[in-house]
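Peer 1: Okay, predicted coordinates and the sequence, questions at the end:
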Amino acid sequence: MDPIHQYLLSLLLPFLAYKLYKKLTLRLPPGPFPWPILGNIYNMSPVLFRCFADWAGFYGPIISVWFGSTLNVVVSSSELAREVLKENDQQLANRHRFRSAANFSKDGKDLLWADYGPHYVKMRAVCTVELFSPKRLEALRPIREDEATSMVESIFKNCTNPENKGKSLVVKRYLESVVFNNITRLALGKRFDSMEGVKGNEQGSELKAIAANWFKLGPSLALAEHIPWLRWMFPAFHKEEEEEASFAKDRAMMDELVKQIIEEHAIECEKSGGEAKKHHFVDALLSVKEEYDLCDDTIISLLLDMIAVGMDTTISAIEWAMAELMKNPRVLQKAQAELDGVVGPIRVMTEWDFSNLPYLRCITKEALRLHPPTPLMLPHRSNTHVKVGGYDIPKGSNVHVNVWAIARDPTIWKSPLEFRPERFVEEDVDLKGHDFRLLPFGSGRRACPGAQLGVNLVTSTLGHLIHHFDWALEDGMKLEDIDMGERSGFVAHMRSPLQVVATPSSRPCLRVPKVWNPMGPREISMLGSACLLSLDSGPAGDSVKRDPLGWALLLLLILGVVEPRPAGLVSVADCRPNPSLGEDTS
Ligand code: HEM
């Protein structure tokens with residue numbers, strides 16, 4: 001051996017010895033035996049949070065799971081969740097970026113996939129201060145109410161069509177539209193999709209398909225992810241490579257689309273003397289572009305984050321809540337009675353009613369407890385060596401909190417598998433990260449910035465669905481036939497989409513005749529609401545409270561020009577301007 005090789009070897013050997021020593025002296029959490037190269041991939045079942053919960057039952061609340069040679073630590077108790085998300089929050093605040101996520105986010109230029117650091121802190125500040133401030137959420141409320149009304153109309157049309165009598169509808173189809181429209185209108189200021197499930201336009205369908213696909217990518221690619229040098233051996237991995245290439249194509253398309261929208265908004269903003277007139281996220285971001293030194297890529301990535309994370313999580317939460325209501329008719333009837341009492345027969349529910357609808361709010365909480373949309377949250381990654389539960393977590397390990405298992409832990413929840421919203425009447429448990437028993441939105445630095453928006457969307461959509469309709473199973477179906485299993489993936493969607501029969505409820509709603517309806521559906525529903533809100537519950541000083549149209553409508557109602565009639569806002573649909581696409585005028 002020549003002297004150079006000897007020299008290199010003398011450097012390498014102590015390094016390898018040191019590495020081996022460190023590895024042997026680490027006290028890693030227990031877990032199933034990992035095979036060389038594959039780790040535990042061979043014995044994982046596809047619904048990971050259930051598999052990890054089973055393993056936790058055997059090995060304890062903190063376990064090691066190996067994806068190839070990458071250590072993943074999963075914690076399944078509220079004490080350990082606190083250690084991860086509070087005591088070691090900053091050290092565990094990086095993200096593990098799957099290859100395709102790295103591609104899609106341009107290596108963490110966004111918020112969702114960014115590692116903790118100056119860029120992340122800036123993005124987070126933009127989100128908290130500029131996008132999700134209570135003022136902006138309130139300013140965007142009319143969009144949410146407009147979309148809820150639109151969904152009610154659409155279901156009403158479907159279920160009153162004689163051809164559909166007694167037939168069930170796929171609830172998710174309506175949820176996808178209402179949530180997609182909500183989020184794209186909030187984020188991009190555009191309505192891409194019409195509610196009837198008719199394709200809005202090509203842009204809209206593409207955007208929808210891409211967003212839906214994107215959030216699926218993580219775990220499905222994860223296996224190939226951690227043993228990249230074995231990819232060539234497995235045909236499935238080639239398929240995944242193709243998928244990755246298609247994600248890169250998707251991202252390029254999204255870039256183009258969002259760029260166009262940004263340009264339109266920038267032109268409009270210039271026309272109005274540099275002041276963004278509207279409240280959409282895209283306007284908000286453009287108006288603080290210089291202040292926060294945001295480049296186009298960052299703005300695009302941030303907007304896409306909102307669409308990708310906001311959509312699937314919210315849809316899944318509402319679908320599960322509806323499934324639980326179907327399985328628990330007592331709860332459904334109690335919620336309907338509450339809505340009848342508070343909202344009454346002649347107007348539609350608005351978000352201002354929430355404070356008077358405690359039971360409905362408890363239903364949202366209970367649904368998010370039993371079915372957190374992201375049961376393992378999103379993977380955190382350690383940026384330094386930390387200790388959790390007395391075990392070592394080396395730098396670069398992924399850490400998951402199994403919030404699904406924690407929310408079903410019989411040591412902290414009474415009858416945890418029972419859907420019983422009353423538990424939150426008995427004890428008001430916070431769901432936005434302050435109580436480590438209930439963590440559907442995570443906690444700490446990386447907690448969901450859209451939590452309040454998510455809660456509002458879920459509660460409002462649910463309220464509208466149960467206020468306007470009665471729900472039943474198709475003839476011959478039993479409650480046990482509702483499949484309460486989950487699909488694999490980041491977001492735990494129902495394995496089989498919920499299908500139920502909707503009938504307009506016997507509760508009367510406000511009718512606005514064609515003849516004096518110069519406005520769109522939002523204004524109509526707002527008028528209906530304003531009618532009563534102007535009498536009671538609107539926050540002081542709010543524009544609707546002072547709205548003279550509300551009073552005018554009330555007068556017309558008394559004079560009989562506007563009449564209450566059973567079920568729904570179908571008359572709104574009659575006179576609705578073309579619900580199609582284009583610039584959002586809200
Ligand atoms: C019921 C609805 C929702 C649920 C259950 C939910 C849940 C979550 C969870 C668990 C996380 C990860 C927390 C962590 O890693 O510690 C997260 C992150 C995030 N969510 Fe939500 N979310 C919802 C709705 C929304 C909405 C409507 C938006 C925006 C329009 C949104 C935007 C985000 C973003 C941008 C992140 C990344 C935050 C970061 O990495 O720092 N979410 N969400």
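Peer 2: That came in fine, so what should we check first?
Peer 1: Am I right that Phe441 falls within a strand?
Peer 2: No. Per DSSP: H, G, I helix; E, B strand; the rest coil, Phe441 lies outside any strand segment and is coil.
Peer 1: Might you report the residue contacts of it?
Peer 2: 431-433, 447-448, 451, 454 (Cβ atoms under 8 Å, 6 or more residues apart in numbering). C-beta here means a position set from N, CA and C on the backbone, and glycine is covered the same way.
Peer 1: how many other residues sit next to His5?
Peer 2: Counted with other Cβ atoms under 10 Å, residues neighbouring His5 total 9.
Peer 1: Helix, strand or coil: sort out it for me.
Peer 2: His5 is classified as helix under three-state DSSP.
Peer 1: Quick one: residues contacting it.
Peer 2: Counting by Cβ under 8 Å, 6+ apart, there are no residues that His5 touches.
Peer 1: Please tell me the pLDDT value assigned to it.
Peer 2: Here, the pLDDT recorded for His5 equals 77.
Peer 1: now do the one 10 residues further on
Peer 2: The predicted local distance difference test score for Phe15 is 62.
Peer 1: coming back round to it: just the closest of the contacts of Phe441 to Arg173, please.
Peer 2: Proximity of these to Arg173 (Cβ to Cβ) peaks at Gly454, which lies at 20.3 Å.
Peer 1: Show me what Asn72 is bridged to.
Peer 2: Assessed by DSSP bridges, Asn72 has beta-bridge partners Val65, Asn398.
Peer 1: Would you check which pair of the contacts of Phe441 lies furthest apart?
Peer 2: Gly433 and Gly454 (12.6 Å).
Peer 1: Check the gap between the residue nearest to Cys362 when sequence neighbours are not counted and Lys86 for me.
Peer 2: Among residues not flanking Cys362 along the chain, Pro421 sits closest, at 3.7 Å (Cβ to Cβ, 6 or more residues apart in numbering). Pro421 sits 27 Å away from Lys86, going by Cβ to Cβ, to the nearest Å.
Peer 1: The two: who's more crowded?
Peer 2: Neighbour comparison, Pro421 and Lys86: the larger count goes to Pro421, with 24 against 14 (by other Cβ under 10 Å).
Peer 1: wait, the more buried one sits on Ile363?
Peer 2: Yes. Taking Cβ atoms under 8 Å as the definition, Pro421 is a contact partner of Ile363 at 4.7 Å.
Peer 1: where do the contact lists of the two overlap?
Peer 2: Joint contacts of Pro421 and Ile363 (Cβ under 8 Å, 6+ apart) are Val331.
Peer 1: Quick one: check the helix or strand hosting Met322 for contact with the ligand.
Peer 2: Counting by DSSP states H and E, the element that carries Met322 is helix 296-327. Yes. Using Cβ under 6 Å from any ligand atom, helix 296-327 reaches the ligand at 305-306, 309-310, 313-314, 317.
Peer 1: Specify the angle between the next helix or strand after that helix and helix 296-327 in degrees.
Peer 2: The first helix or strand that comes after helix 296-327 along the chain, using DSSP H and E, is helix 329-342. Angle, helix 329-342 to helix 296-327, by axes from the mean of the first three to the mean of the last three Cα atoms, to 10 degrees: 110 degrees.
Peer 1: So between Gly433 and Gly454, which is more surrounded?
Peer 2: The neighbour count for Gly433 versus Gly454, taken as other Cβ under 10 Å, is higher for Gly454 (23 against 19).
Peer 1: what's the neighbour count on the residue lying closest to that one once chain neighbours are set aside?
Peer 2: Among residues not flanking Gly454 along the chain, Thr314 sits closest, at 5.6 Å (Cβ to Cβ, 6+ apart). Neighbour count of Thr314, defined by other Cβ under 10 Å: 26.
Peer 1: what does the one 10 residues further on give?
Peer 2: Glu324 is surrounded by 20 other residues when neighbours are defined as other Cβ under 10 Å.
Peer 1: Model confidence for it, exactly?
Peer 2: 98.
Peer 1: wait, what's in contact with Ile412?
Peer 2: Residues in contact with Ile412, defined by Cβ under 8 Å, 6+ apart, are 78, 406, 437.
Peer 1: Ile346 versus the second one, what's the distance?
Peer 2: What that stands for is Ile406. Counting by Cβ to Cβ, the gap from Ile406 to Ile346 is 43 Å.
Peer 1: Over to the first one?
Peer 2: Relative to Ile346, Ser78 is positioned 45 Å away (Cβ to Cβ).
Peer 1: just the last one next, same as before
Peer 2: The gap separating Arg437 from Ile346 is 40 Å, by Cβ to Cβ.
Peer 1: and the stretch 351-500 of the chain, which residues reach the ligand?
Peer 2: For the stretch 351-500 of the chain, the residues in contact with the ligand (Cβ under 6 Å from any ligand atom) are 373-374, 377-378, 440-442, 446-450, 453-454, 458.
Peer 1: Lowest-confidence one in those residues?
Peer 2: Out of those, that is Leu378, at 92.
Peer 1: Might one say that that one is in contact with Phe490?
Peer 2: Yes. Contact criterion Cβ under 8 Å: Leu378 and Phe490 qualify, at 7.1 Å.
Peer 1: Contacts only, for the residue of the stretch 1-150 of the chain found nearest the ligand.
Peer 2: Here the stretch 1-150 of the chain gets closest to the ligand at one residue, Leu112, 4.2 Å apart by Cβ to the nearest ligand atom. Residues in contact with Leu112 (Cβ under 8 Å, 6+ apart) are 95, 105, 305, 308-309, 378.
Peer 1: what do you get if the cut-off is 7 Å, keeping everything else the same?
Peer 2: Leu112 is in contact with 105, 305, 309, counting by Cβ atoms under 7 Å, 6 or more residues apart in numbering.
Peer 1: quick one: which helix or strand includes the closest residue to the ligand within the stretch 451-586 of the chain?
Peer 2: Proximity of the stretch 451-586 of the chain to the ligand (Cβ to the nearest ligand atom) peaks at Gly454, 2.9 Å away. For Gly454, the host element (DSSP H and E) is helix 451-468.
Peer 1: Mind checking what helix or strand follows that helix in sequence?
Peer 2: Criterion used, DSSP H and E; the element after helix 451-468 is strand 469-472.
Peer 1: Contacts for the helix or strand just after that following strand next, please.
Peer 2: Using DSSP H and E, the helix or strand that follows strand 469-472 in sequence is strand 499-504. Here strand 499-504 makes contact (Cβ under 7 Å, 6+ apart) with 155-156, 159-160, 166-171, 326, 468-474, 566-568.
Peer 1: Taking those, please make a PyMOL selection of just the buried ones.
Peer 2: Buried subset of the contacts of strand 499-504, written as a PyMOL selection, criterion 16 or more other Cβ atoms under 10 Å:
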select buried, resi 155+156+159+168+169+171+326+468+469+470+471+473+567+568
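Peer 1: Alongside the ligand, which residues does the stretch 51-200 of the chain contribute?
Peer 2: 111-112, 183.
Peer 1: Now the residue most central in space within the chain: closest residue in space, sequence neighbours ignored.
Peer 2: In the chain, the residue lying closest to the centroid (Cα atoms, centre = their mean) is Thr313, at 2.7 Å. Residue nearest to Thr313 in three dimensions, not counting chain neighbours: Pro373, with 4.0 Å by Cβ to Cβ, 6+ apart.
Peer 1: try Ala284
Peer 2: Spatially, and ignoring its direct neighbours in sequence, Ala284 is nearest to Glu130 (4.9 Å; Cβ to Cβ, 6+ apart).
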